[in-house]
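# quick one, structure for this:
(2 chains)
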Number of protein chains: 2
Amino acid sequence: MEKIVVIGAVAAGPKTACHAKRLMPEADILLIDQDDLISYGGCGIPYYIGGEVGDETALRSTSFHAVRDEVFFEEAKGLRVKIKTKVHSINRKDKTILIEDMPTGKQEEIPYDKLVIATGSQPNMIPIKGLSSEGVFTIGSLHSAMGVQKWLSRDNVNNVVIVGGGAIGIEMAEGIEDMWGLDTTIVEYMPQLLPTIIDWQFAEMLKQHLEENNVKVFTGEAVTAIEADDSGLVKSIVTDKRKLDADLVIMAAGVRPRDQLAREAGLHVAPKGGIVVNNRMQTSDPNIYAAGDCVESLNLVSGKKMFAPLGSLANRQGRVVGDNLAGIPSTFNGITGSFIMKAFETCVGSTGLSYQAAIAEGFEAEQVITIQSDRAHFLPNQANMPLIMVVDKTNRRVLGVQGFGPMGDGVLARINAAAGLLAKNAVVEDFSNLELAYAPPFSTAVDALNATANVADNLLRGRFRQDSMKTFIEWLKDPSSNPDWIALDTRSKSDSQQFRETYGDRWLNLPYPEMRARYQELPKDKELIIVCGAGTRSYEVQVFLDSVGYTNTKVLGGGLMVLRRLGLVDLPG
Amino acid sequence: MEKIVVIGAVAAGPKTACHAKRLMPEADILLIDQDDLISYGGCGIPYYIGGEVGDETALRSTSFHAVRDEVFFEEAKGLRVKIKTKVHSINRKDKTILIEDMPTGKQEEIPYDKLVIATGSQPNMIPIKGLSSEGVFTIGSLHSAMGVQKWLSRDNVNNVVIVGGGAIGIEMAEGIEDMWGLDTTIVEYMPQLLPTIIDWQFAEMLKQHLEENNVKVFTGEAVTAIEADDSGLVKSIVTDKRKLDADLVIMAAGVRPRDQLAREAGLHVAPKGGIVVNNRMQTSDPNIYAAGDCVESLNLVSGKKMFAPLGSLANRQGRVVGDNLAGIPSTFNGITGSFIMKAFETCVGSTGLSYQAAIAEGFEAEQVITIQSDRAHFLPNQANMPLIMVVDKTNRRVLGVQGFGPMGDGVLARINAAAGLLAKNAVVEDFSNLELAYAPPFSTAVDALNATANVADNLLRGRFRQDSMKTFIEWLKDPSSNPDWIALDTRSKSDSQQFRETYGDRWLNLPYPEMRARYQELPKDKELIIVCGAGTRSYEVQVFLDSVGYTNTKVLGGGLMVLRRLGLVDLPG
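Below is the predicted model:
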């Protein structure tokens, strides 16, 4: 009877153990965890803090309302389970592990035929003073989440500071602001929220929306210390720019693989962290597998290794480990980095590489941004859904797609559509012709994702020349920054009025339908930055002006509606 | 200067003409239509009838509220446009077409260098008496839609009969019932709604939902005549089973390609209809292209030609024609058949082949059905979202995916994710590992689509044996139909009580968590049909029972929750 030992019982561990047991009913499978709470949906913690999930047991229950505790895994799943059990070391030569029953301190050697390491991740702790003050929490486990909730219930909590503007930090901020109505602040070290995951435009839209919902956001700001009062209770956070009152601090500065056990056992571990596995999730020791947050993953878009801690990946990897334990040669080939999150009334999603990440990885990348209706524009419930597409200009490969939209599954529908294609090395044409399902209540006849690919096509074929949005924003703030520029507003006279009043002769209006009749009124000695609502009319005008000899033009991609969403111009709608 | 003539100005035609004009600003492009209303969103007609779209001009306006009439295309787009103009014939030898200005009857020969046929589709008319009665409409054009709306506004309209249970028929039924509160009936000749597009389970769920919303549905019923009163006004519809009062009849029995002009010009047209084009949308005459509802398409899943009239495809094809006119060798390689529609509070979607269609095409197909949460089951707004996956058991290829869910974009997110993969010949593994974006407000850690692929994997590997749902339903109605069967209910004692009372010793209850301890109580001489809520526990029990020698079992795939959605069992939730 094969002995399989699985270390770690949150996501990848239980998935591996249960799937393997179904494939090998005879196997003796032991599941070990140092905690007493196991198999919980860690991603649900912000919704537990935010009150949408009434009880922590809901986070560790099946869809048919059975609590997934050690008894459940033993009785229903046929596993053996040891909770509150620490694994001290792996003896690969003898194929044993040394464990300790934490309540009694009793140590024991356990033999294995196959071992699975699913030790997960642990929160990053930035090296500052005051981390041990009372009221400073991480959310690395369900216990710490329960600690946060208990602390929030104290009478005298008024100011919450969250260190870290990643997904967990933002979700926690929403939960705390929404449910508890406390003064909530996010401090992020990098210059934007969700750094590397999304590009600055959507990060800025997200920041706007958080601020509209009373969450303060400080980006590009380093936390330098945590201060406590005489009794050791946290009282403030010091950054390189300010001091913030804080009677609850949540450290959400990312996580790192919990790979020490593997490293000490001499398994191959990446220098930056993460157990190295092959596409069958096997470590450098063929008798030892690893899955979940503790492993290093291959990014299928960049071709490079990365760290991708996510419960959904852990589950998919766990199934692959289970298959391989049973002799089925399933593979987990890598990830594309699909991401989505809710933030109050909006959501933001991404798959593949952001423009920023693509450039950092050495790609000759280009980025297009569009802002289009998420469903037929003649329906009253339509909303704008900006999308970003990142493409490799050397080979037309699509490197990434991002979306920002109203809360709902509209952005998800575009991110999911892109995810599978990115894993198949899809090029722009694959997205132009991608057959997204269409009916007016769900999309436009040319879906926003198809249309974004068409804009990328226009760009890559050289018939669309766009201006850098950052440069245009600088010019808007100070038109003297580029004296040769004139904005050519192709919207209606009334739509353009506000800008004409502000910018005078630096802002021309020639409405789109009149362009062919009146283009000769335009100056030839200036560079024209063509603007409209969403960029579509501007592109058409650029193409037309090219054909009549006005070739010194650029288009503001995404148009003024993107600027409005960035909070930079005051536009209706 | 190249002369391009485009015949047809609804969807593919304007798209082709405008895109070509942008690529070839010097070209002389003439757009011709026999109607005076052009470039409208025909798919929006049900929402215009249903009052969500207040004005027909909204259906032919841009997102920036310009009406797309002939003046717009001339002034803003630089095309020449002839409306109310009929094309009588194509003279391929001389490269001319013969047109007639319909108001004056004046005929004219127009030369072309390249011709584009985008003549669309026309409603099927079933050969019965009374079709010309007043009050009988098709919805083949915006004019006929306006006719329906005008008719609906009459005082004495009470009973509406819609002939045809396809997407347009159902959408019209919703619009009429919702907005006008009239007695509304759908009559469909085939045994189910949306025949060939979705399988019977979802068709039945859809029928249930329509009936809950006061739309009567008669399937498997042939309309044999339309009766009118003495003044010629429609008064009833006769079917092979009944007579229905009707003072408005909408014929929505599908459409067929409007390909007569092409056929008469000697172009290759498919025997069943549809202009034959290559993947650059070129007809058998290299100077003539065709796009939109009038062409035959290649189904990328079945490898066979089919007819796929949809505005979204017309637009994608139009762009490809425009590219090719300008010498860019873009291709439109075929379709997967992505489909989605709203019906009151639900939506149903599909891509690829239904089980029924796959079998008809000769595939050795299998079907799995699952019913899972569309988002984390611990969140209060989660809902069940049944999915169907159709696979080829000879090569593990996924042939199709269908979804049925609450109205919103959750089903869209799964259909869109599948669509691109189907076009790339994806197998079950591609769907198991498909990296759908995950956060609790959007999905489950193992997304419903991943999980459905996992069930298909279990089936194809022979470790999951399912019962035919139709056979089980027969047995439920009459347990004597299979005396060897006993249902093994793995839910809790209380959940199973109602069935135990009904079925007595034909319905055993042994709750899932107790299975390993008590399996020896089960009879060995009967075939056990294992049931639970969604099928998940049943699968685990089947695997376990196999391991202990109880191998004569089958699982009710999708579980009792699917039966409840079919209106067949009275279950809570």
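# residue of the stretch 151-300 of chain A closest to chain B, please.
Nearest residue of the stretch 151-300 of chain A to chain B (CB to the nearest CB) works out as residue A:167 at 7.4 Å. Quick note: C-beta positions are derived from backbone N, CA and C, even for glycine.
# quick one: that residue and residue A:342 touch, right?
No: if you go by CB atoms under 8 Å, residue A:167 and residue A:342 don't touch, sitting 9.7 Å apart.
# how near is the residue of the stretch 151-300 of chain A closest to chain B to residue A:335?
16 Å (CB to CB, to the nearest Å).
# my guess is residue A:89 contacts residue A:97. True?
Yes: Residue A:89 is within contact range of residue A:97, at 6.9 Å (criterion: CB under 8 Å).
# show me which of those two is the more surrounded one.
Neighbours were counted for residue A:89 and for residue A:97 using other CB atoms under 10 Å in any protein chain shown; residue A:97 has more, 23 against 13.
# show me the strands in the stretch 351-500 of chain A, by range?
Using DSSP state E, counting those that start in this stretch, the strands of the stretch 351-500 of chain A run over residues A:365-373, A:384-392, A:398-406, A:485-489.
# count of neighbours near the closest residue to residue A:305 other than its chain neighbours?
Using CB to CB, 6 or more residues apart in numbering or on different chains and skipping residues adjacent in sequence, the residue nearest residue A:305 is residue A:296, 5.0 Å away. Neighbours of residue A:296 under the rule other CB under 10 Å: 21.
# do residue A:208 as well
Residues near residue A:208, counting by other CB under 10 Å, number 16.
# mind checking which helix or strand residue A:108 is in?
Under the criterion of DSSP states H and E, residue A:108 resides in strand A:106-111.
# just checking: what are the partner strands of that strand?
Strand A:106-111 has the following strand partners under DSSP bridges: strand A:96-101 (antiparallel).
# now do the same end-to-end measure for stretch A:344-356.
Its first and final residues considered, stretch A:344-356 spans 26 Å by CA to CA, to the nearest Å.
# any residue of it up close to chain B?
Yes: under the criterion of CB under 8 Å from any CB of the partner chain, chain B is reached by stretch A:344-356 at A:347, A:349, A:350, A:351.
# and the stretch 201-350 of chain A, which residues reach chain B?
A:310-316, A:319-320, A:328, A:330-333, A:335-342, A:347, A:349-350.
# the stretch 451-573 of chain A too?
The stretch 451-573 of chain A comes close to chain B at residues A:454, A:461, A:463, A:491, A:512-517, A:532-534, A:536-537, A:540, A:543-544, A:546-548, as judged by CB under 8 Å from any CB.
# and those residues, which are buried?
With burial judged by 16 or more other CB atoms under 10 Å in any protein chain shown, the buried subset of these is A:454, A:491, A:512-515, A:532-534, A:536-537, A:540, A:543-544, A:546-547.
# farthest pair within the residues you listed?
Largest separation among those by CB to CB: A:454 and A:514, giving 25.1 Å.
# which helix or strand contains residue A:40?
Here residue A:40, judged by DSSP H and E, is contained in no helix and no strand.
# just give the nearest non-adjacent residue to it, would you?
residue A:60 (4.0 Å).
# for the one you found, what are its contacts?
A:37, A:38, A:39, A:40, A:41, A:67, A:68, A:69, A:142 (CB atoms under 8 Å, 6 or more residues apart in numbering or on different chains).
# any idea how far the residue nearest to residue A:305 lies from residue A:317?
Plainly put, residue A:296 is 12 Å away from residue A:317 if you go by CB to CB.
# domain-wise, how is chain A divided?
A:3-121+A:256-325, A:136-253, A:339-460, A:469-565 (automatic domain parsing).
# check those domains for me and report the most buried one.
domain A:339-460 (a mean of 23; mean count of other CB atoms under 10 Å in any protein chain shown).
# thinking again about what came up before, mean confidence score for the strand holding residue A:108?
Averaged across strand A:106-111, pLDDT comes to 98.
# who is the residue nearest to the spatial centre of chain A paired with across the strands?
Nearest to the mean C-alpha position of chain A, by CA atoms, centre = their mean, lies residue A:339 at 4.3 Å. For residue A:339, the beta-bridge partners are residue A:350 (DSSP bridges).
# who's in contact with it?
By CB under 8 Å, 6+ apart, the residues touching residue A:339 are A:167, A:197, A:198, A:349, A:350, A:351, A:415, B:437.
# ok, back up a step: how about the residues of stretch A:344-356 next to chain B in a markdown table, adding pLDDT?
Converted to a markdown table, the residues of stretch A:344-356 next to chain B look like this (pLDDT from 0 to 100):
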| residue | pLDDT |
| --- | --- |
| A:347 | 98 |
| A:349 | 98 |
| A:350 | 98 |
| A:351 | 98 |
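# ok, the residue nearest to residue A:305 - contacts?
A:257, A:270, A:273, A:274, A:275, A:276, A:277, A:305, A:306, A:307 are the contacts of residue A:296 under CB under 8 Å, 6+ apart.
# those in strands, which ones?
Counted as lying in strands by DSSP state E, out of the contacts of residue A:296, are A:257, A:305, A:306.
# beta partners of the closest residue in space to the last one that isn't next to it in sequence?
Right, the one you point to is residue A:306. Excluding the flanking residues, the one nearest residue A:306 by CB to CB, 6+ apart is residue A:299, at 4.8 Å. Legend: beta-bridge partners of residue A:299 under DSSP bridges are residue A:335.
# how confident was the prediction at the residue lying closest to residue A:220 once chain neighbours are set aside?
Closest residue to residue A:220 apart from its sequence neighbours, by CB to CB, 6+ apart: residue A:191 at 4.3 Å. At residue A:191, the model reports a pLDDT of 97.
# again with residue A:570
The model's pLDDT for residue A:570 equals 64.
# cool, and residue A:178?
88.
# quick one: residues contacting the residue nearest to residue A:548 when sequence neighbours are not counted.
In this structure, residue A:548 finds its nearest non-sequential neighbour in residue A:519, 6.0 Å apart by CB to CB, 6+ apart. Shown in contact with residue A:519 (CB under 8 Å, 6+ apart): A:510, A:544, A:545, A:548, A:550.
# now, which of these sits nearest chain B?
Comparing these against chain B with CB to the nearest CB places residue A:544 closest, at 6.4 Å.
# pretty sure that closest one is in a helix, no?
Yes: using DSSP: H, G, I helix; E, B strand; the rest coil, the assignment for residue A:544 is a helix.
# now, the residues of the stretch 451-573 of chain A next to chain B that are in helices?
A:454, A:515, A:516, A:517, A:536, A:537, A:540, A:543, A:544, A:546, A:547 (DSSP state H).
# farthest-apart pair in those residues, please.
Between any two of those, the greatest separation by CB to CB is 26.9 Å, found for A:454 and A:517.
# is residue A:34 in contact with residue A:82, as I believe?
No: the pair residue A:34 / residue A:82 is not scored as a contact, 9.6 Å apart, by CB under 8 Å.
# so what would you say the end-to-end distance of stretch A:121-136 is?
In stretch A:121-136, first residue to last residue: 19 Å (CA to CA).
# repeat that for stretch A:515-533.
Stretch A:515-533: ends 16 Å apart by CA to CA.
# per-residue confidence for the nearest residue to residue A:265 once chain neighbours are set aside?
In space, and not counting its chain neighbours, residue A:265 is closest to residue A:90: 3.8 Å by CB to CB, 6+ apart. Residue A:90 is assigned 98 on the pLDDT scale.
# next one: residue A:54
86.
# quick one: list the elements packing against the helix or strand containing residue A:172.
According to DSSP H and E, residue A:172 maps onto helix A:167-180. If you count contacts as 3 or more CB pairs under 8 Å, 6 or more residues apart in numbering or on different chains; DSSP states H and E, helix A:167-180 packs onto helix A:45-49, strand A:159-163, strand A:183-188, helix A:200-212, strand A:215-219, strand A:339-343.
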